[in-house]
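Trainee: Sequence and predicted model, in that order:
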Amino acid sequence: MTPPQRSESIGSRDVAGWPTRLGRWVVHVVGTFAVAIAARLPERWRPAADRTIAWSAANLAFILFAGVSLSLALALVDVSHEVYEAVVGHDGVAALDQPALDLALHWRSPGLDQAVTLFTDLGGGVGMPILATLVVVTLAVLQRAWTPVVIMVVAAAGSLLMTVVGKDLIGRARPPLAFAVPPYESTPSFPSGHTLNATVLTTVAVYLILLGTTAAWQRVVTVSVGAVFVVLMGLSRVFLGHHWLTDVIAGWAIGLAWALAVITAHRLLVTLRRAARRTS
């Protein structure tokens, strides 16, 4: 059995280990499809460093699983739209969204409003990409590999696509401007883009940081900081009156689902690349 490299484990857990029957089935099915496709590729399309079918199949498995998962995630966005319509149709949304907004209004103050606005900007279209880039570039330099960059780019692209599709599909209105803290936003409300993107990029960044860490306290701190950041980012959107609470909940759920799919795709990549190393 080929031992894991340092960047292929989290503590004592090998990311290429699949203890459940479902996990092993996914590896078998995706791997079989990837090998079948790789066998039909021209040799010049295979990785230059190792032109084996097994190595090409590992890369294809990552692409296949990520692609299928993205399709399922987009379907989840559509399902959330149907759930939203059903809830609105029964006036149930007011039972959750309006009380949350009322609570935010109760706690507002000029100083707190400014502090929360500065924080929420970290999850915007400028702040979050900068933070994610700093993390993955550092990891790529330390590991001398492009894998962290590729994983984050895939995660970010899917996250952006789901945000755009969700907003265009549902077109939900944001809370009234009278209850919002400037600067105001004009795009549709559902799902919360700040929350969805922060959930995806932070979860994937935490996973990449955990790879190769040996100290338990480092893992605890990394996961805790990431979780607190994601939760506070979502709540900041409600506090500022830029989103309804259900927008944020959808962002958390969809974002976490996509992030876990990207992580699973990477684990498949590691598993099949290790198999390729054994056969080369």
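Mentor: Great, that's in hand. Note that the structure is predicted; figures quoted are calculated from it, not measured. Numbering: from 1, shown residues only.

Trainee: For the residue positioned nearest the centre of the chain, identify the helix or strand it belongs to.
Mentor: The chain has residue 200 as the residue nearest its centroid, 2.2 Å off, counting by Cα atoms, centre = their mean. Here residue 200 is covered by helix 193-210, with elements defined by DSSP states H and E.

Trainee: what's the helix or strand that comes right after that helix packed up against?
Mentor: Note on helix 193-210: by DSSP H and E, the next helix or strand toward the C-terminus is helix 216-239. In terms of contacts (3 or more Cβ pairs under 8 Å, 6 or more residues apart in numbering; DSSP states H and E), helix 216-239 is packed against helix 97-107, helix 110-120, helix 193-210, helix 245-279. (C-beta placed from N, C-alpha, C; glycine too.)

Trainee: Only the buried residues of the third one, if you could.
Mentor: The neighbour-count check on helix 193-210 (16 or more other Cβ atoms under 10 Å) flags 193-210 as buried.

Trainee: try the second one
Mentor: For helix 110-120, the neighbour count (16+ other Cβ under 10 Å) marks 113, 116, 117, 119, 120 as buried.

Trainee: now swap in the longest one and tell me
Mentor: Taking 16+ other Cβ under 10 Å as the basis for neighbour counts, the residues of helix 245-279 that come out buried are 245-255, 257-259, 261-276.

Trainee: okay, the angle between that helix and helix 97-107?
Mentor: Here helix 245-279 runs at an angle of 100 degrees relative to helix 97-107 (axes from the mean of the first three to the mean of the last three Cα atoms, to 10 degrees).

Trainee: check contacts around residue 236.
Mentor: By Cβ atoms under 8 Å, 6 or more residues apart in numbering, the residues touching residue 236 are 116, 119, 120, 123, 194.
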